[in-house]
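Student: with the sequence up front, the predicted model follows.
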Protein chains: 2
Amino acid sequence: MFGFLRRPKVRIDIPRLKPRDDSASYPKVNLAELTPEVLPYLGQAAYVQLAVFEEVSDAIAAAPTVAAKQALAPAASQALDKHERLVAEIRRRVDVPADVISPFVAGIDRYRSLVRGGDWFEQLASVYLTAGILDDFFTLLAAGLPGDIAPRCVAILDAETGRRAIADLLAEGIAADPVLGPRLAMWGRRVVGDTLLVCRSAIHLTGNQATDEQRIEPVFTEMIASHTRRMDRLGLTA
Amino acid sequence: MFGFLRRPKVRIDIPRLKPRDDSASYPKVNLAELTPEVLPYLGQAAYVQLAVFEEVSDAIAAAPTVAAKQALAPAASQALDKHERLVAEIRRRVDVPADVISPFVAGIDRYRSLVRGGDWFEQLASVYLTAGILDDFFTLLAAGLPGDIAPRCVAILDAETGRRAIADLLAEGIAADPVLGPRLAMWGRRVVGDTLLVCRSAIHLTGNQATDEQRIEPVFTEMIASHTRRMDRLGLTA
């Protein structure tokens, strides 16, 4: 199932994800072959952002100090803002956005229960790593949407995440506890697998396995490179 | 302890809280005698908004439908916005806002555990009723702050709450279940008592009980009138 993680294949020129600290340079290449229809794309992307909001909110409620709560607050509000802007895009097309979002709830909620983590630091690591991968993924797919919805979705998803503070809290914890780093490195390896499966399920597949792998691989290679940068930032090996 | 709820006393002219749906008409009278020092005021008000955010977020996570989650989202983001704007006011005065907020965490968290409610509807009713009372209270107190901080705090606290959607969800639930209304009416009576105690603890008291009661009473009378309007809106008797 993770063949696309291992096999070097024909390289296709796909847009590079910008490092999060960089200035704006959005993916421009047409990824229409992988991108699902507009409404399922928006519904799933919107629910992912709502899920990120809920996970960050939960981490705020569980935070050990007021300072940590405050550091996390922007990540919650940015995710909620992205959710609301994606819902506004859905509402331009249908009257009841919940109908478009609902089909994705059960699957994503199941995934969330897998990657939630056993304590506050695992929870933070999950949000930081999984939301990073999912933002990258939906940003890349957005480029394949038809018409002017593509740049609008890229602008929504590529906006400020407020998650730099999560990396700082993790780095502090890792510096203070020599056991935490190795534990989070293991945890990071686990959540990336589950997250890539969610991404794969969102892709429009032809059913021809060889063709599909070849189309998917460069996208996932790019996403894994970004993931590795996020792990590096924590001083962890991906 | 609740003498101020019962005894008719000398009436003092205090600012009327505007009904939430009304246009802007802020309290203007100086309530300096009741208002605590600026930093404790800001610290407590900021933590109250963070608590409201956390309670709404928890209700979003527990919501039975995506539509209900979306209806609640603005209430979460508005509370977080108020929190962040109050923290910005603290940061104009001290470097570490958390130091100003932390003294209020234990007391307010204890209060939250008392008023959280046993199910989703009680949780919604608690947020709607208690956040309403607390916003009113800190808005009234703000008028007693010195200098230009007073109108800035009134503007922060009196802003859009996003909580009309909570009342709508409650009204729907009450219409669908004949047992829910009476249960929430009982619950509302309980949470108002605990909330008024929190408000009382935030007031600057002289220590002279007769004087204190006389100063506090008109403020609480005004707050209870607003609370009664919120209960009325749900079709419940306060």
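Tutor: Great, that's in hand.
Student: export stretch A:155-175 to PDB, keeping only CA atoms.
Tutor: Provided in PDB are the C-alpha atoms of stretch A:155-175 (Å, rounded to 0.1, in the frame of the first residue of the first chain):
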ATOM      1  CA  ALA A 155      -5.300  31.400  -0.900                       C
ATOM      2  CA  ILE A 156      -7.500  30.000   1.900                       C
ATOM      3  CA  LEU A 157      -5.400  26.900   2.600                       C
ATOM      4  CA  ASP A 158      -2.000  28.500   2.200                       C
ATOM      5  CA  ALA A 159      -2.800  31.300   4.600                       C
ATOM      6  CA  GLU A 160      -1.100  31.700   8.000                       C
ATOM      7  CA  THR A 161      -1.700  28.600  10.200                       C
ATOM      8  CA  GLY A 162      -0.600  30.000  13.600                       C
ATOM      9  CA  ARG A 163       1.100  26.600  14.100                       C
ATOM     10  CA  ARG A 164       4.600  27.900  14.500                       C
ATOM     11  CA  ALA A 165       3.700  28.200  18.200                       C
ATOM     12  CA  ILE A 166       3.000  24.500  18.300                       C
ATOM     13  CA  ALA A 167       6.500  23.700  17.100                       C
ATOM     14  CA  ASP A 168       7.900  26.000  19.700                       C
ATOM     15  CA  LEU A 169       6.000  24.300  22.500                       C
ATOM     16  CA  LEU A 170       7.100  20.900  21.200                       C
ATOM     17  CA  ALA A 171      10.800  22.100  21.000                       C
ATOM     18  CA  GLU A 172      10.600  23.400  24.600                       C
ATOM     19  CA  GLY A 173       9.200  20.100  25.800                       C
ATOM     20  CA  ILE A 174      11.800  18.100  23.900                       C
ATOM     21  CA  ALA A 175      14.600  20.300  25.300                       C
END
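Student: list the buried ones in that stretch?
Tutor: Within stretch A:155-175, the residues scored as buried using 16 or more other Cβ atoms under 10 Å in any protein chain shown are A:156-158, A:161-163, A:165-167, A:169-170, A:173-174. Where you see a C-beta, it was placed from the backbone N, CA and C, and this is true even at glycine.
Student: what separation do you get for the closest residue to chain B within chain A and residue B:72?
Tutor: Residue of chain A nearest chain B, by Cβ to the nearest Cβ: residue A:57 (3.5 Å). For residue A:57, the distance to residue B:72 equals 11 Å [Cβ to Cβ, to the nearest Å].
Student: what is in contact with the two at once?
Tutor: By Cβ atoms under 8 Å, 6 or more residues apart in numbering or on different chains, residue A:57 and residue B:72 have these common neighbours: residue B:60.
Student: where does chain A dip in pLDDT?
Tutor: Low-confidence segments of chain A (pLDDT under 70): A:1-32.
Student: so which residue is dead centre in it?
Tutor: For chain A, residue A:134 is the residue whose C-alpha lies nearest the centre (Cα atoms, centre = their mean; 1.6 Å).
Student: for that one, list the residues it contacts.
Tutor: A:48, A:52, A:195, A:198, A:199.
Student: neighbours around the first one, how many?
Tutor: Residues near residue A:48, counting by other Cβ atoms under 10 Å in any protein chain shown, number 27.
Student: do the second one as well
Tutor: Taking other Cβ under 10 Å as the criterion, the count of residues near residue A:52 is 25.
Student: what parts of chain A come near chain B?
Tutor: Contact residues (Cβ under 8 Å from any Cβ of the partner chain) of chain A with chain B: A:47, A:50, A:53-54, A:57-58, A:60-61, A:65-67, A:69-70, A:73-74, A:76-77, A:80-81, A:83-84, A:87, A:96-98, A:101-102, A:105.
Student: ok, now with 7 Å
Tutor: Chain A comes close to chain B at residues A:50, A:54, A:57-58, A:60-61, A:65-67, A:69-70, A:73, A:76-77, A:80, A:83-84, A:87, A:97-98, A:101-102, A:105, as judged by Cβ under 7 Å from any Cβ of the partner chain.
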